[in-house]
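Undergrad: Only the shape, not the letters, is given here:
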């Protein structure tokens with residue numbers, strides 16, 4: 001038989017070239033730049049400056065992304081649980097129709113919408129004022145860290161919920177019906193029966209959401225222009241204001257390490273799960 005390996009390599013060559021040109025080369029260049037001083041000599045000066053100037057922003061980023069991830073998981077579990085356990089077909093159908101909308105909205109559009117919705121005289125406060133629930137003159141807007149969290153949770157919850165609800169719907173309903181026959185309520189069934197069986201799926205969704213939120217620039221720069229801010233904003237500022245690619249890439253390395261930590265937690269959990277009897 002003729003050797004088909006050259007043909008196989010030819011077929012994958014375009015994709016391989018794209019990966020090398022658009023991902024591997026920029027990653028390698030950024031890593032080298034992070035450990036190189038302006039005179040071209042190997043140095044850790046970029047990291048020293050990074051932690052001198054942006055330690056607070058790094059901690060702020062970790063807290064914002066971690067809280068947003070936790071809330072996304074909480075709401076995704078609630079949505080998936082109601083889609084599987086909901087007793088009102090009309091409400092289940094409406095929820096199925098509504099919760100996926102943010103999936104199709106880019107982050108920059110979501111950020112612009114939230115600027116209008118969460119501002120001091122935005123749609124949220126004016127609606128509450130119209131209903132007589134609050135006095136809009138005494139309210140402040142949410143265009144700060146709270147707005148970033150709201151935007152991230154609103155945008156990422158549907159993605160995680162789509163994975164979780166699909167996994168829950170694929171479970172054997174015999175255990176659910178048995179629990180109902182024994183008098184278990186919906187919350188207990190969700191927490192003790194459904195969630196333990198979809199933990200791996202939820203973990204995947206939450207890690208993907210975590211990494212996605214970690215890399216977003218438009219939301220923090222449009223929602224909150226103050227300090228502290230997220231490291232993506234700092235990276236853009238170092239490049240645009242000072243052409244300081246060294247510090248910007250050092251911040252990028254920090255973000256790689258944070259994302260790598262999330263991946264390590266996921267891999268460690270999966271290996272431990274496979275090794276369990």
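TA: Sure thing, it's come through. Note that the structure is a prediction, hence the values are computed from the model and not measured.
Undergrad: Residue 123 is in contact with residue 116, isn't it?
TA: Yes: counting by Cβ atoms under 8 Å, residue 116 is a contact partner of residue 123 at 6.2 Å. To be clear about C-beta, it is placed using only N, CA and C from the backbone, and glycine gets the same treatment.
Undergrad: which strands and helices sit next to the helix or strand containing residue 65?
TA: Using DSSP states H and E, residue 65 maps to helix 45-85. When contacts are defined as 3 or more Cβ pairs under 8 Å, 6 or more residues apart in numbering; DSSP states H and E, helix 45-85 sits against helix 89-98, helix 145-169, helix 186-189, helix 199-214, helix 231-242, helix 245-275.
Undergrad: any residues touching the following helix or strand past the fourth one, and which ones?
TA: Looking back up the chat, that one is helix 199-214. Downstream of helix 199-214, the next assigned helix or strand under DSSP H and E is helix 218-223. Helix 218-223 is contacted from outside by 64, 107-108, 110-112, 114-115, 118, 143-144, 147-148, 151-152, 155, 229-230, 232-233, 236, using Cβ atoms under 8 Å, 6 or more residues apart in numbering.
Undergrad: Buried subset of those residues as a ChimeraX selection?
TA: In ChimeraX, this line selects whichever of these come out buried by 16 or more other Cβ atoms under 10 Å:
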select :64,107,110,111,114,115,118,143,147,148,151,152,155,229,230,232,233
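Undergrad: quick one: low-confidence ranges for this structure?
TA: 1-4, 270-277 (pLDDT under 70).
Undergrad: which residue is nearest the middle of it?
TA: For the chain, the residue nearest the mean C-alpha position is residue 209 (2.8 Å; Cα atoms, centre = their mean).
Undergrad: How many neighbouring residues does the residue lying closest to that one once chain neighbours are set aside have?
TA: Closest residue to residue 209 apart from its sequence neighbours, by Cβ to Cβ, 6 or more residues apart in numbering: residue 156 at 4.2 Å. Applying the criterion other Cβ atoms under 10 Å, we find 28 residues in the vicinity of residue 156.
Undergrad: And residue 57, by the same measure?
TA: There are 21 residues near residue 57, going by other Cβ under 10 Å.
Undergrad: tell me the secondary structure for the residue nearest to it when sequence neighbours are not counted?
TA: Nearest non-adjacent residue to residue 57, counting by Cβ to Cβ, 6+ apart: residue 228, 4.9 Å away. What DSSP: H, G, I helix; E, B strand; the rest coil gives for residue 228 is coil.
Undergrad: Let's verify residue 132: helix, strand, or coil?
TA: With three-state DSSP as the basis, residue 132 sits in coil.
Undergrad: Residue 121 versus that one, what's the distance?
TA: The spacing between residue 132 and residue 121, counted by Cβ to Cβ, to the nearest Å, is 17 Å.
Undergrad: do the same with residue 141
TA: 8 Å.
Undergrad: When these two are compared, which one has more neighbours?
TA: Set residue 141 next to residue 121 and count neighbours by other Cβ under 10 Å: residue 141 wins out with 16 against 13.
Undergrad: sec struct for that one, please.
TA: From three-state DSSP, the assignment for residue 141 is coil.
Undergrad: That one is in contact with residue 126, isn't it?
TA: No: taking contacts as Cβ under 8 Å, residue 141 lies outside contact range of residue 126: 11.3 Å.
Undergrad: so what's the backbone phi/psi at residue 42?
TA: Main-chain dihedrals, residue 42, degrees, to the nearest 10: phi -60, psi 140.
Undergrad: Hmm, residue 32 and it touching each other?
TA: No: the pair residue 42 / residue 32 is not scored as a contact, 9.2 Å apart, by Cβ under 8 Å.
Undergrad: Those two: which is more packed in?
TA: residue 32 (11 against 8).
Undergrad: in which helix or strand would I find the more buried one?
TA: For residue 32, the host element (DSSP H and E) is helix 25-34.
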